[in-house]
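Chemist: Fold the following and give me the result.
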Amino acid sequence: MYNRRGQKNSLYYNYSKQYWFPNFTTQLALHQWVHYCHVFSSGEYRAFVDGEERVQGSLVTQVLPLPLNSSLILGQEQDLVGGGFDITQIFHGYIAQVNIWNKSLTQKEVEDMSACRHYDVGNVFSTDMDELEVFGAVLVETVQLHTFCEKTVKFVIFPEPRDLETSKLMCQRVGHVIYGPGTVKENTNLHNVSLQFVHTCAANYHLWIGLTDEKEEGTWRKISDNETVEELSFDTGQPNGKTDENCLYMAQGSGLWLDVYCHTDWLACVPCTKQHDSPLRLRGLCLRRKEETYYEVLGYRNSKPYFHGFYGFMLYTVGDGEWLLKDIKKSTLVASLKLTSTNSYPIGRNTWSLNSSVCTMSSGTELELSLSACDDNEFTCANGDCIPKERRCDLNYDCSDFTDERKCNLVLMPESYQAERPPDTMMTGEAVQLASVIQILRFMKIDDISRTIRLEMIADIMWKDARLKYLNLKDIMERNRLSAQEASGVWRPLLEFPTLYDGNIKLHQEATYLTKTGRPLPRDFNDVKMDTVYSGDSATLMQKQHYIGTFACPFDMFYYPFDTQRCSVLLQLSLVTLEVVAFIEDGARVEYLGDKELPSYIIAKKQVTVIQRGNNHTRHSVLSVELELRRRWTVIVLSVYLPTTMLLVIGYSTLFVRVDLLQVRLNVSLTTLLVLYTLSNTTSDALPITAYVKLIDVWFLYCISLLFFVILCHVVVEYLQANFSVIKVRPVYAPPKFTPHSILRFTRAVVVPVVVVSRMKV
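Modeler: You can find the predicted model right below:
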C-alpha cells in the first residue's frame, strides 16, 4: 500500500499498480483496534477488515511470486531501501499481530482471528516471534488476546455543575453524549476518576449518569446507544421514584446511583463519551491537510479537559478562563483566548489573538477560529451547535443563539473588484452577454391624441460575473436577494429609454437576485463557518426593475377605426458600448401578463428584438420591445358610422316628400346636415391632428357633400316650382322638360344611388 499526500492509497504488487480496487476504503476509529488481512493467492487478491471481506479481484502483474529479499519497516514510510525517512510520515498508534504466511488463509481462519477466537503466528514472519530492531521512542507492551476485541470505552468529565439539559448540550457540542457505565467495573472506574474534581463537583450527588428508564419503567438503557444495562449500581432503597424519576445521579461518597426527576434544578458535573468516530475540528487556520484540523478530548490539564490535535497541536487552559493553542512539535505558542467565564470552553466560534505568525498574519493579529463537532455538511453556530448547511440564512432561526441568520452576505468580492467595470469574459474582445425578460404587466393608458402609451413593466436583466463568489445559495431565487449594500457594490447594467415621452418614467421597485446554475466549489476545511461557496460561473445575477412610464408611439390613423398600431419600447444600455456589453437575441423574451382585450385595443402581437443605436463611432445595444395594438372598431362603427348612415337615409328620404312641402324638406335636410357636422367635429377632436387625410375624414366629407347636394336639389325644385304654372284650357306651349317632380324622381332614383354605389366601391 502506498500513499501520496492529499491522494488516496494505492496498491502495488511487485512494482505494478493495481487499478481494480478504487473503492477499497475504511473508516478509521481512534482508540479502537481494527483487524486487517490481505490475501494474495494465484494472482487473486482479497482484503478483509474485521473479518469481513471488503474487496476481491485479479492482480495485474507479469510476476506472481512475491520475493522476500527486502527489509520490512513498520511505522515509517521509506523512500530508499532502509532509509529516506520523513518525520511527517511516522505512524502514530499501536500495531500488533503483524504476520506473514506462505499459504492462503481461509475466510473462516480470518474471521476467527479477527474475533479473537483463535490466533496463529505467521510461518514466514511474526512480530510476536521474530526479533525486531526498535528505533526511537517506541513503547512495547504485552497484553491478553481478548484485549484486541474489547470495545474501548473512554469518557471525559467536564467538572462544572450543570442541569441535565445543559449537560447534554455540553456533551453534544464536543461530539459526545452523557456517559453511562455498563458494568460495575466501569462505574467504579468512573467514580475513581471523578474524585479528582471534588473541589468543583462538590455536591453529595456530583455526577449525572447517562442511563434512563423513561421508555420502559425499570429497564435502564444507555443514552448513548440505547443498550440495556444489566449491572446496575443503585444505592440502598433506590430507585424509588417509579415513573416520575427517570434519570440518575452518582453519589460522591459511594459512587452509587440515585434516581431523580429529569428536570430537577439540582446541578451536577457530567461525564461524556464519544457518540461517533467523527473528531472535533479546529477551523480558521491555513492548514494544508484536512486531518490537521482534527482534535479530540483526550485528558485533563489544570483540572480541565484539554483538546489534542491529531498533528501535534494542543488546546488547554491555564486558568482564569484563558486558553492556549500550542504547537507541541515546535514548542510554540500559536494563539490565546480569554473567555469571560472559567466554566466556559473554547467551543464554537471565538476571536483568538495570535502569539506567533500564522500564514500571512503576524503576531498580535486577531483571528476567528471555530472548534466544533460539525462536519463538512453542517454550519457551525457561534455557540458550537451544528445545523445542516441548507438552514443557513433561510429566514428561520435554527441556531439557539440565532447566529445562523447573522451576516447573511451572498457575495464575496475580491479586494481588486471594481463595480464600475463590466465583468470579464471567457474570450478576449468578446462582449458581456446579457439575457433579458421584459414583462408587460398592464397598459395604464393609450392616448391617441398625444400619441403615447403608458404602461407598467418589469425588466429582468441576467448576466454572470466570474470575478465574484457567492455564499449559501438557495434553490429558490427569491431567497437569494442581495442586500442594498451588496447590490450597490457589484456591477449592474444601467438602462435608458430612447422612446420615453417627456422624461415621464418612474422606477417603482428594484432588486438584485442570484440564481444557482452550478455546483458549489470544493469545501474549504479551514473555513470557520463552513459556508457553501459558489464560483461566479455557478450563479447568474439578475437585476429586476419595476418601471411605470409613458412612451411615444407613431400612431398611423389613416385606416381609423380599422387601424393597427405598432409601438416600440426601447431599452438601451447606458455608458457601455455594444463591443463591451450587449443584449443577446437568443436570451431575450417578452411576456404580457395583463388582459389582452383593452377598452379600445386588442394586444395582437408582442416580440422583442436586439438592435443597435448610436453614431458611426459609438454604438449601443438596444432591446426593442414591439407591441401590435389592434383597435376594437365595433363601438366606433356603432357610434359613428351607423349614425351617419342613418342621417344619410334621413336626408335621402326628404326626396320623397311632396313638392309643395318645402319647409319640411328643407328643415329636415338642414337639421340632418348640422347634426352630421357636429358629429364630424366631435369625432375629429378625439383623433390626433394629422397632415394627411384619414379615411374617416373622407367618409364625413362624403356624407356632408351628399346632404349638401340633397339640399341644393330642394332649392332647385323650389325655384322651378315658383316659375311653373299650368293652364288647363289648352296648352299653348309644350310642357317644360324639367319639372320639380322629375328632378326629385331623378335625384332619388339615379343620382343618390350612383353616388352611394361609387362610394362603396371606393
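Chemist: now the helices for the chain?
Modeler: Ranges of helices in the chain, per DSSP state H, are 107-114, 164-173, 184-194, 484-489, 634-636, 642-653, 662-685, 695-722, 740-746, 752-761.
Chemist: can you redo these as CSV with distance to Leu280, mean neighbour count and mean pLDDT?
Modeler: In this view, the C-beta of every residue, glycine as well, is placed from N, C-alpha and C. Converted to CSV, those look like this (distance: least, CB to CB, whole Å; neighbours: other CB atoms under 10 Å; pLDDT from 0 to 100):
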stretch, distance to Leu280, mean neighbour count, mean pLDDT
helix 107-114, 29, 17, 92
helix 164-173, 9, 19, 94
helix 184-194, 21, 16, 94
helix 484-489, 33, 13, 93
helix 634-636, 79, 13, 88
helix 642-653, 89, 17, 86
helix 662-685, 85, 16, 86
helix 695-722, 86, 17, 84
helix 740-746, 115, 16, 68
helix 752-761, 96, 12, 64
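Chemist: could you dump those helices to CSV with distance to Glu150?
Modeler: Formatted as CSV, these follow (distance: least, CB to CB, whole Å):
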stretch, distance to Glu150
helix 107-114, 13
helix 164-173, 23
helix 184-194, 12
helix 484-489, 57
helix 634-636, 95
helix 642-653, 106
helix 662-685, 104
helix 695-722, 104
helix 740-746, 132
helix 752-761, 112
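Chemist: quick one: which of those helices is nearest Ser574?
Modeler: helix 484-489 (16.7 Å; CB to CB).
Chemist: Remind me what that closest one packs against, helices and strands.
Modeler: strand 500-516 (3 or more CB pairs under 8 Å, 6 or more residues apart in numbering; DSSP states H and E).
Chemist: mind listing what's buried in the strand it packs on?
Modeler: Leu500, Tyr501, Ile505, Thr512, Tyr513, Leu514, Lys516 (16 or more other CB atoms under 10 Å).
Chemist: Domain boundaries for the protein, per the record?
Modeler: Domain assignment for the chain by automatic domain parsing gives 11-149, 156-274, 280-373, 432-631, 634-761.
Chemist: As TSV, the ones you listed with distance to Glu390 would be great.
Modeler: Output for the domains of the chain, formatted as TSV (distance: least, CB to CB, whole Å):
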stretch	distance to Glu390
domain 11-149	24
domain 156-274	20
domain 280-373	18
domain 432-631	8
domain 634-761	57
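Chemist: Pro388: which of the ones you listed is closest?
Modeler: That would be, of those and by CB to CB, domain 432-631, which comes in at 10.8 Å.
Chemist: what's Asp244 in contact with, if anything?
Modeler: Each residue near Asp244 by CB atoms under 8 Å, 6 or more residues apart in numbering is listed here: Tyr261.
Chemist: where are the low-confidence patches of this protein?
Modeler: 1-9, 15, 19-20, 22, 722-741, 743-745, 748-752, 754-762 (pLDDT under 70).
Chemist: switch to 50 and redo it
Modeler: Under the criterion pLDDT under 50, no range of the chain is flagged.
Chemist: tell me, what residue is most central in it?
Modeler: Central residue of the chain (CA atoms, centre = their mean): Lys474, 2.0 Å from the mean position.
Chemist: thinking again about what came up before, quick check: the farthest pair among the buried residues of strand 500-516?
Modeler: Tyr501 and Lys516 (39.4 Å).
Chemist: tally of neighbours for Leu623?
Modeler: By other CB atoms under 10 Å, the residues close to Leu623 number 23.
Chemist: surely it meets Val608?
Modeler: Yes. The pair Leu623 / Val608 is scored as a contact, 6.3 Å apart, by CB atoms under 8 Å.
Chemist: Next, give phi and psi for Gly518.
Modeler: For Gly518, the backbone dihedrals are phi -140, psi -170 (criterion: degrees, to the nearest 10).
Chemist: Asp398 now?
Modeler: For Asp398, the backbone dihedrals (degrees, to the nearest 10) come out as phi -110, psi -30.
Chemist: Can you give me every residue that contacts it?
Modeler: Ile387, Arg391, Asp404.
Chemist: so of those residues, which ones are in strands?
Modeler: In strands, judged by DSSP state E, the following of these are found: Ile387.
Chemist: mind putting the contacts of Asp398 in TSV, neighbour count and distance to Leu105 included?
Modeler: Putting these into TSV (neighbours: other CB atoms under 10 Å; distance: CB to CB, whole Å) gives the following:
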residue	neighbour count	distance to Leu105
Ile387	18	47
Arg391	17	49
Asp404	25	53
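Chemist: export the contacts of Asp398 to TSV and tack on distance to Ser353?
Modeler: Converted to TSV, the contacts of Asp398 look like this (distance: CB to CB, whole Å):
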residue	distance to Ser353
Ile387	28
Arg391	31
Asp404	26
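Chemist: tell me which of the contacts of Asp398 is nearest to Thr236?
Modeler: Ile387 (44.9 Å).
Chemist: doesn't Phe402 make contact with that closest one?
Modeler: No. Taking contacts as CB under 8 Å, Ile387 lies outside contact range of Phe402: 11.5 Å.
Chemist: Phe135 and Ser70: what is the separation?
Modeler: Taking CB to CB, to the nearest Å as the measure, Phe135 falls 17 Å from Ser70.
Chemist: What sits closest to His38 if chain neighbours are left out?
Modeler: Nearest residue to His38, sequence neighbours excluded (CB to CB, 6 or more residues apart in numbering): Ala47, at 5.4 Å.
Chemist: Tell me who's in contact with the one you found.
Modeler: With CB under 8 Å, 6+ apart, Ala47 has these contacts: Phe21, Phe24, Tyr36, Cys37, His38, Val39, Glu53, Arg54, Val55, Gln56.
Chemist: Show me what the third one bridges to in the sheet.
Modeler: The reference is to Tyr36. Val49 (DSSP bridges).
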